[in-house]
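Student: I would like the atomic coordinates for the input below:
(chains A and B)
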Amino acid sequence: MGTILVGQAAPAADAAMPTVRRHIGIGTYLKRNPKLVAGLILFGSLLVFSLLGPLFIDTELARPMSAMPSQPPSSTYPFGTDDQGRNLLAVAVVGLPLTLQVGLIAGLVAIVLGTVLGLTAGYVGGVTDMLIRGICDILLTVPGLVVLITVAASIQGAISVQMMALVVASLAWMWPARTIRSQVLTLRERAYVQMAKLSGMKTPEIIFREIMPNLLPFLAASFVGSVAAAILASIGLEALGLGPQNEPTLGMTIYWAISFNAVIRGMWWWLTMPIVAIVILFISLFMISAGLDEIANPRLRKVSS
Amino acid sequence: MTWKLLGKRFGMFLIVIWGAATLNFFLPRLAPGDPIRERLFALSTQGGLTQTGVEEMVASYNARFGLDLPLWQQYLNYLVDMLRFDFGYSLAMFPAQASDLIFDALPWTVGLLLVTTIISFVLGTLLGALIAWPRSPKWLEYLAAPMLTLAAIPYYLLALVLLYVLAFSWKWFPLSGGYTTGTQPNVSLEFWWDVLKHSILPALSIILAAVGSWAIGIRGMMISTNGEDYMTFAEARGLRGNTMFFRYGLRNAMLPQITSLALSLGHIVSGALIVEVVFTYPGVGSLLYNAIKGADYFVVYGVVFMVVLALGFATMLVDLAYPFLDPRIRS
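Tutor: Numbering: from 1, shown residues only, chains lettered A, B, ... in the order given. Next up, the predicted model:
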């Protein structure tokens, strides 16, 4: 593999190198891709909410016993209060960034690990490839949430938000690694990579100057996918009671609401805040990743009928 | 299929199972704290007893459970126990074996998930394929957005909403449990009806959330299948729409879908843990939730092991069955 062209194509190399890239402005991309725009706007508004929120509301109110317990939404408590006297508006302001933090840290770790492993496996090939792919394949057959349950149950108690993120990340890198590897495999055989090889470029240079730029939209899409998966996993763990007990993340709020029977006691507002926040979060991430996917993989665009 | 492939795949399965058992063995031992000591202290303070004999008791329990043996010997014993599905005693419901609790809960979970997985697979696949089909009515397109939305949110959130609206506010369905509390599980028609009534809401929330992801999967495949030459040719030959849809389009677009079906059948044990918690449905999920709450570690690790086993087995079957499904990779 990869040695087919030796001795044939070299003379035309310079002439064939496209010096002008087909450049499409970001604006055009966005106009063509309403999903991406809508997703970014939704996600942006969540970010603005969690960044500006602390300026308008005292985050101390997210602690238990800081308000009248079990109050329905009113002008004093716009989102109501929970059974333990947390002001749910304050919980939203504190909890949303915490949940985002778990997702972003875990997603970042997963995508960095996945990229390094995927690039190595795809570009180097041989035994390295077999080893990395084998480990990924084996770990992918392991049900993530359940293993995370074991890990989280063992280090329970003092688990922090950052630790939570790392626990989630520990099983989140295989999918990016696998997909990036297969993407690298097709990129490696492209003519411009062969050209670069023939013209004497060094491997790191090829990886960073030829392969990486073409991988970027794909990386962005799988980063967003990893963030969503990490948030999903962390909320799942938290809903089972394995999250940071002292931090009011969205998942922990759901856990408290379930374990204090919010539904049977008719405290709909206790569930409304975390559910609405999580739904907006997931829809925005889903739209962003679908939009990025369309950029990375033009075949997904629906053929106009 | 060669024996070599079979052996290789089975070897992978064994590695996964061994890995899970090893993780289960070492993680609790790496964690700070000694469960037996903690448990005994908790018991003795509960009973208001003096704590004098505790150290001797810890030692005798350690000997009883083989915890005074060297680590490698404990490890080997543990692996043998795992092979026999002997996960130890439940700490919270003491005389009960963890494996008995798990096998009691399994039929509930497997029954619920098997039915819902198949229903949502059939519904989702048909809907998704129809949405991608150029000749289907325009209004189907409008279904795409809500279904994608449902697929994007975690299904247990939907379960919470359904529970509040349909069971708490409108009282159409029972609020919790797998059957009316106070009745004994039996095989009468009445009991089955009761079980059915209790399982509609959990089933509905799983189906509503899953249909969308099945639809997305088949929609993408169907769009690319529609672009194939043989579809154009089929149209040129004047084949009927139905024949083209089912025999030419759907059939070719189905393959990845069937793989995912098999995989989600493997997820049957772990697929809806949190939905069960929301509805206090007496399956594996609720068992796990209560075990975590009550620090009942043997049950937690037992459930984890069973789930890994089920999923590992299912993925192995999928991999081995794939050559039969797809003639292209049979060589």
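
Student: got the residue ranges for the helices in the stretch 101-250 of chain A?
Tutor: Taking DSSP state H, counting those that start in this stretch as the criterion, the stretch 101-250 of chain A contains helices spanning A:126-140, A:144-154, A:161-169, A:174-188, A:191-198, A:203-205, A:212-239, A:250-259.

Student: which strands and helices sit next to the fourth one?
Tutor: Yep, that's helix A:174-188 we're talking about. helix A:88-124, helix A:126-140, helix A:212-239 (3 or more C-beta pairs under 8 Å, 6 or more residues apart in numbering or on different chains; DSSP states H and E). Any C-beta I mention is one placed from the backbone N, CA and C, and that applies to glycine too.

Student: Minimum distance to chain B: which of these has it?
Tutor: helix A:212-239 (5.2 Å; C-beta to the nearest C-beta).

Student: rank the helices and strands packed on helix A:174-188 by pLDDT, which is bottom?
Tutor: Among those, helix A:126-140 carries the lowest mean pLDDT, a mean of 82.

Student: For that one, give me every contacting residue.
Tutor: Identification of contacts with helix A:126-140 by C-beta atoms under 8 Å, 6 or more residues apart in numbering or on different chains yields A:117-118, A:120-122, A:171, A:174-175, A:177-178, A:181, B:12, B:15-16, B:19.

Student: again, only this time at 10 Å
Tutor: Here helix A:126-140 makes contact (C-beta atoms under 10 Å, 6 or more residues apart in numbering or on different chains) with A:114, A:116-118, A:120-124, A:147, A:170-171, A:173-178, A:181-182, A:185, B:12-13, B:15-16, B:19, B:312, B:315, B:319.

Student: next one: stretch B:190-199
Tutor: B:108, B:111-112, B:115-116, B:172-180, B:183-186, B:188, B:203, B:279-282.

Student: Report the buried residues of that stretch.
Tutor: B:194-195, B:198-199 (16 or more other C-beta atoms under 10 Å in any protein chain shown).

Student: tell me the average confidence for it?
Tutor: The average pLDDT within stretch B:190-199 is 82.

Student: Out of the helices and strands packed on helix A:174-188, the one nearest B:Leu71 is which?
Tutor: Closest approach to B:Leu71 among the helices and strands packed on helix A:174-188 (C-beta to C-beta): helix A:126-140, 24.7 Å.

Student: would you put the C-alpha positions of the closest one in CSV?
Tutor: Extracted in CSV, the C-alpha atoms of helix A:126-140 (Å, rounded to 0.1, in the frame of the first residue of the first chain):
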residue,chain,number,x,y,z
GLY,A,126,1.1,-2.3,10.6
VAL,A,127,1.3,-3.7,14.1
THR,A,128,0.6,-0.3,15.7
ASP,A,129,-2.7,-0.1,13.8
MET,A,130,-3.6,-3.7,14.7
LEU,A,131,-2.9,-3.0,18.4
ILE,A,132,-4.8,0.2,18.6
ARG,A,133,-7.8,-1.1,16.6
GLY,A,134,-7.9,-4.3,18.7
ILE,A,135,-8.0,-2.3,22.0
CYS,A,136,-10.7,0.0,20.6
ASP,A,137,-12.8,-3.0,19.4
ILE,A,138,-12.5,-4.8,22.7
LEU,A,139,-13.4,-1.7,24.7
LEU,A,140,-16.3,-0.8,22.4
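
Student: For chain A, what's its nearest residue on chain B.
Tutor: B:Ala152 (3.8 Å).

Student: Report the secondary structure state of the closest residue to that residue other than its chain neighbours.
Tutor: Once flanking residues are discounted, B:Ala152 sits nearest to A:Phe286: 3.8 Å by C-beta to C-beta, 6 or more residues apart in numbering or on different chains. The three-state assignment at A:Phe286 reads helix, by DSSP: H, G, I helix; E, B strand; the rest coil.

Student: wait, B:Ser99 sits on B:Phe87?
Tutor: Yes - using C-beta atoms under 10 Å, B:Ser99 makes contact with B:Phe87 at a distance of 5.1 Å.

Student: Now the common contact residues for these two.
Tutor: Taking C-beta under 10 Å, 6+ apart as the criterion, B:Ser99 and B:Phe87 both touch B:81, B:298-299, B:302, B:305-306.

Student: just to revisit the earlier point, JSON lines please, covering the helices and strands packed on helix A:174-188 and showing mean neighbour count.
Tutor: Compiled in JSON lines, these are given as follows (neighbours: other C-beta atoms under 10 Å in any protein chain shown):
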{"stretch": "helix A:88-124", "mean neighbour count": "22"}
{"stretch": "helix A:126-140", "mean neighbour count": "15"}
{"stretch": "helix A:212-239", "mean neighbour count": "22"}
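
Student: Which helix in chain B has the most residues?
Tutor: Criterion DSSP state H: the longest helix present in chain B is helix B:189-226.

Student: Mind checking the pLDDT average for the following helix or strand past it?
Tutor: As assigned by DSSP states H and E, the chain's next helix or strand after helix B:189-226 is helix B:229-236. Averaged across helix B:229-236, pLDDT comes to 86.
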